[in-house]
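A.B. asks: need a 3D model of the following:
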Amino acid sequence: MPTSGLALLLRKDNEVFDLARRGRRLPNILMAILAIFMIIVVSFVPFAVATDVIYGNEDALVEIWGGAFYLIAPFLLSIVSLGLWVRGYERRPFSTVGLEAQSRLKKYLVGLAIGFLMLAATIGMMALAGTVEFDPSADRPIGVGVVVGVMLMLAGFLVQGGAEEIMWRGWLVQVLGARYVPWIGLLASSLLFAGLHGSTSIVANLNLVLFAAFLAFYYLYEGSIWGAMGWHATWNWAQASFFGITLSGAFETEHSLMNLRPTGSPLLSGGDFGPEASLFCTAVFLMGLVILALLSKRSAGRTR
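C.D. replies: Next up, the predicted model:
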């Protein structure tokens with residue numbers, strides 16, 4: 001059974017959890033959740049206040065940065081804040097949250113490629129089913145003339161995707177899995193992540209849980225967060241800045257290479273939430289989990 005391959009990744013002796021045990025302290029589940037929310041508050045509130053004081057409104061800042069500011073500044077601060085927690089409270093190197101693996105660049109680039117291909121597969125199935133189309137009526141510029149804005153957004157998503165993976169998978173899955181049992185780390189991280197990104201759509205919420213679980217298993221399979229960081233960054237960037245479609249029901253950029261819109265049944269198109277609320281996205285995540293399970297079983301067979 002493919003699922004048994006995923007169970008192999010949830011063993012307590014997985015090297016990911018061993019790295020967390022290098023520290024002097026492991027937070028309990030309540031402390032870990034509070035730490036996550038404190039990091040979010042400390043990282044985002046100061047920039048919201050500064051934006052209001054300096055610019056008066058968000059529109060002026062968006063015109064300058066194209067939305068990338070909100071993906072770079074606060075998420076960089078969240079990485080720094082988490083690093084201070086890991087070093088100061090847990091007393092272990094920050095690199096132990098999945099950042100110390102060999103072949104970092106290779107893993108990261110592979111993650112970038114896989115994230116883009118999985119999103120392209122989702123969009124491709126939507127196109128074949130007639131549930132996504134080009135939107136010629138949109139008033140935002142598209143094409144090669146917006147390359148600078150698109151690349152700026154890529155830089156933003158590289159920071160944002162990396163920060164979220166370090167925090168939600170690299171750290172939270174790891175510390176709760178090491179403190180209790182691995183499946184608690186997986187479940188708590190996935191449900192909290194989905195809850196904070198949530199929607200009124202049942203399919204969207206299911207896909208957000210699958211999103212988080214897939215990346216957690218990807219992390220546990222590689223023993224490194226680098227691949228998941230690359231995957232998350234390009235998955236988000238491809239939706240917003242390559243295909244020009246709504247990201248997680250909330251984010252739209254001023255610049256994109258294409259301009260797509262969902263059409264037809266929301267179950268297949270994702271509706272206003274975007275592809276992440278589509279059943280085609282569900283199928284892609286399930287297939288990703290099956291592949292990870294098979295790879296894990298094959299890897300375990302080679303080490304016997």
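A.B. asks: how close does the most centrally placed residue in the chain get to residue 5?
C.D. replies: Nearest to the mean C-alpha position of the chain, by CA atoms, centre = their mean, lies residue 232 at 3.9 Å. Using CB to CB, to the nearest Å, residue 232 is found at 22 Å from residue 5. No exception for glycine: its C-beta is placed from N, CA and C like everyone else's.
A.B. asks: tell me if I'm right that the residue nearest to the centre of the chain and residue 215 touch.
C.D. replies: Yes. Between residue 232 and residue 215 there is a contact under CB atoms under 8 Å: 6.5 Å.
A.B. asks: any stretches of the stretch 151-300 of the chain with poor pLDDT?
C.D. replies: 251 (pLDDT under 70).
A.B. asks: all strands of it, in order?
C.D. replies: 260-262 (DSSP state E, counting those that start in this stretch).
A.B. asks: where exactly do the helices run in it?
C.D. replies: Assigned helices in the stretch 151-300 of the chain, in chain order: 174-179, 182-196, 202-222, 226-237, 266-269, 279-302 (criterion: DSSP state H, counting those that start in this stretch).
A.B. asks: please save the CA atoms from the third one in CSV.
C.D. replies: In this case it means helix 202-222. The C-alpha trace of helix 202-222 is given here as CSV (Å, rounded to 0.1, in the frame of the first residue of the first chain):
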residue,chain,number,x,y,z
ILE,A,202,-15.0,22.8,1.6
VAL,A,203,-12.7,21.8,-1.3
ALA,A,204,-10.4,24.8,-0.7
ASN,A,205,-10.0,23.9,3.0
LEU,A,206,-9.4,20.2,2.1
ASN,A,207,-6.8,21.3,-0.5
LEU,A,208,-5.1,23.6,2.1
VAL,A,209,-4.7,20.6,4.4
LEU,A,210,-3.4,18.5,1.6
PHE,A,211,-1.0,21.3,0.6
ALA,A,212,0.4,21.4,4.1
ALA,A,213,0.6,17.6,4.4
PHE,A,214,2.3,17.2,1.1
LEU,A,215,5.0,19.7,2.0
ALA,A,216,5.4,18.2,5.4
PHE,A,217,6.0,14.7,3.9
TYR,A,218,8.3,16.3,1.2
TYR,A,219,10.3,17.8,4.1
LEU,A,220,10.4,14.5,6.0
TYR,A,221,11.4,12.6,2.8
GLU,A,222,14.3,14.8,2.0
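A.B. asks: show me what that helix is packed against.
C.D. replies: helix 2-9, helix 182-196, helix 226-237, helix 279-302 (3 or more CB pairs under 8 Å, 6 or more residues apart in numbering; DSSP states H and E).
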